[in-house]
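Undergrad: quick check, what structure comes out for this input:
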Amino acid sequence: MHDRQLAHRTLRALAYRQAGYVTAAQALDAGFTYQAQKYHVDRGNWQRVDRGLFRLQGWPASIDDVYVRWSLWSGGRGVISHATALAVHDLGVVDPGRIYLTVPAGFGARDYAVVTHVGALPEDDVVARAGFRVTTVLRTILDVAAASTLQEPSDDAVAEALDRGLVVPGALRARVDAFGDGAALRIERALAAAGR
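TA: Next up, the predicted model:
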């Protein structure tokens, strides 16, 4: 197979897994020089989304596109979390307005659209979606309870997660102490409000 054809196939296969997005580094690995990347942007084959981030033209839109985009922005190091993870899991009525990511220590990228929380996430607290990773329902509820001083987001998320069978009270109680006294109080109040 011709090198150019192979490069295009490789890039499209990667874009397929990432909602049409590719990074400049991924394009380079696939065989597209920086000059070739500029050519594709200038020709309208690729849309420049951010520095070092492109989207192949004509890719169908999906509701999860924004999560893939910011995951790639973080170099794959960020995990969708907190209020944004509530939206991914369709829990509660919180509209975060910004993207919440949990990132490892030493992560230095900044963008106004992103709120970062520094922390190490055990693999059991993370699930993979198409093109991005997100905290589990259990971890998401605990993070929101720990980060928010408001009771309502915890009440809504806990009630919906219990109704849908996504969490059980014992699992929340078993882990909440590690998230602080405020989180423990909010989780207990949410469980009581849900009749649990």
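Undergrad: rest of the way, CA atoms for contacts and neighbours
TA: OK.
Undergrad: what's the following helix or strand after the helix ranked longest in the chain?
TA: Scanning the chain for the helix with the most residues, using DSSP state H, yields helix 3-17. Heading C-terminal from helix 3-17, the first helix or strand you meet, by DSSP states H and E, is strand 21-23.
Undergrad: report the central residue of this protein.
TA: The chain has residue 80 as the residue nearest its centroid, 2.6 Å off, counting by C-alpha atoms, centre = their mean.
Undergrad: wait, that residue touches residue 101, no?
TA: Yes. Using C-alpha atoms under 8 Å, residue 80 is in contact with residue 101, at 4.7 Å.
Undergrad: mind checking how far residue 37 is from residue 187?
TA: Separation of residue 37 from residue 187 (C-alpha to C-alpha, to the nearest Å): 49 Å.
Undergrad: export the longest helix of the chain as CSV, just CAs?
TA: The C-alpha trace of helix 3-17 is given here as CSV (Å, rounded to 0.1, in the frame of the first residue of the first chain):
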residue,chain,number,x,y,z
ASP,A,3,2.6,5.5,2.2
ARG,A,4,0.1,8.3,1.7
GLN,A,5,-2.8,5.9,1.6
LEU,A,6,-1.6,4.2,4.7
ALA,A,7,-1.2,7.5,6.5
HIS,A,8,-4.7,8.5,5.6
ARG,A,9,-6.1,5.1,6.7
THR,A,10,-4.2,5.2,9.9
LEU,A,11,-5.4,8.8,10.7
ARG,A,12,-9.0,8.0,9.9
ALA,A,13,-9.0,4.9,12.1
LEU,A,14,-7.6,7.0,14.9
ALA,A,15,-10.1,9.8,14.3
TYR,A,16,-12.9,7.2,14.3
ARG,A,17,-12.1,6.3,17.9
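Undergrad: helices or strands next to it in the packing?
TA: Judged by 3 or more C-alpha pairs under 8 Å, 6 or more residues apart in numbering; DSSP states H and E, the packing partners of helix 3-17 are strand 21-23, helix 24-30.
Undergrad: out of the ones you listed, which one sits most buried?
TA: Using mean count of other C-alpha atoms under 10 Å, the stretch among the helices and strands packed on helix 3-17 with the largest mean neighbour count is strand 21-23, at a mean of 25.
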